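Novice: below are the sequence and a predicted model for it; my questions follow.
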Amino acid sequence: MGDSIDLSGDGGVLKTILRKAKADALCPSEDLPLVDVQYEGTLVETGEVFDTTHEDNTVFSFELGKGSVIQAWEIAVKTMKVGEVAKITCKPEYAYGSAGSPPDIPPDATLIFEVELVDCKPRKGSSVTSVSEERARLEELKKQRELAAAAKEEEKKRREEAKAAAAARMQAKLESKKGQGKGKGKAK
């Protein structure tokens, strides 16, 4: 805790864990892309708070991967676990860029967010179990298809071997008959 992690690789998104989550805490994933966060955003230049969910004790909900939040949040929140609190420092190119977000965020502003991941959930209409079960069912179908294809290939190989063996027996009989026929004709 306390060490900054460069999530973007270029210093554009830095994350410092302020409070660790429990080891077995959930984290956002393909199955759990809907996240609820509480946050407070400040301008690095002035230290002024420009947005917060703490005043009215609300949560902000969004779906990761949809581009509905600034890029720094897309990058940072998916690395968090439920219950974790992190300080996320965002360079302008990962936040609001040269346009800013008037009137609260000036152009080219570096921002600091203190973010708590409150929850992560499946998309509406699916549940973790239904998504996981569907994945497991599809994996099972894939395995069954692979086994069926392998069995079919094995059967094809056995048929070809049986044909080859039958052809070899026929050839041996023909050879044997040719040999017997030659012997009969010369025995006089």
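Specialist: Looks like it arrived, so ask away. Residues are numbered from 1 along each chain as shown.

Novice: now do the strands in the protein.
Specialist: Taking DSSP state E as the criterion, the chain contains strands spanning 4-6, 13-19, 34-43, 49-52, 60-63, 85-90, 111-121.

Novice: using a markdown table, lay out the ones you listed together with distance to Ala150 and mean pLDDT.
Specialist: No exception for glycine: its C-beta is placed from N, CA and C like everyone else's. Supplementary listing: those in a markdown table, determined by distance: least, CB to CB, whole Å; pLDDT from 0 to 100:
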| stretch | distance to Ala150 | mean pLDDT |
| --- | --- | --- |
| strand 4-6 | 45 | 93 |
| strand 13-19 | 47 | 96 |
| strand 34-43 | 40 | 95 |
| strand 49-52 | 58 | 94 |
| strand 60-63 | 40 | 92 |
| strand 85-90 | 48 | 97 |
| strand 111-121 | 39 | 95 |
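
Novice: figure out which of those is closest to Thr79.
Specialist: Set against Thr79 and scored by CB to CB, these come closest in strand 13-19, at 6.6 Å.

Novice: make TSV out of the strands of the chain and add mean neighbour count.
Specialist: Below are those laid out as TSV (neighbours: other CB atoms under 10 Å):
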stretch	mean neighbour count
strand 4-6	12
strand 13-19	18
strand 34-43	19
strand 49-52	15
strand 60-63	15
strand 85-90	22
strand 111-121	20
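
Novice: export these to CSV and tack on distance to Glu160?
Specialist: Shown next, in CSV, are these (distance: least, CB to CB, whole Å):
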stretch, distance to Glu160
strand 4-6, 59
strand 13-19, 60
strand 34-43, 54
strand 49-52, 72
strand 60-63, 54
strand 85-90, 63
strand 111-121, 54
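
Novice: centre-most residue in this protein?
Specialist: Closest to where the C-alpha atoms of the chain average out (CA atoms, centre = their mean) is Glu30, at 5.5 Å.

Novice: what score does that one have for pLDDT?
Specialist: What the model reports for Glu30 is a pLDDT of 86.

Novice: state the distance from it to Ser61.
Specialist: Counting by CB to CB, to the nearest Å, the gap from Glu30 to Ser61 is 18 Å.
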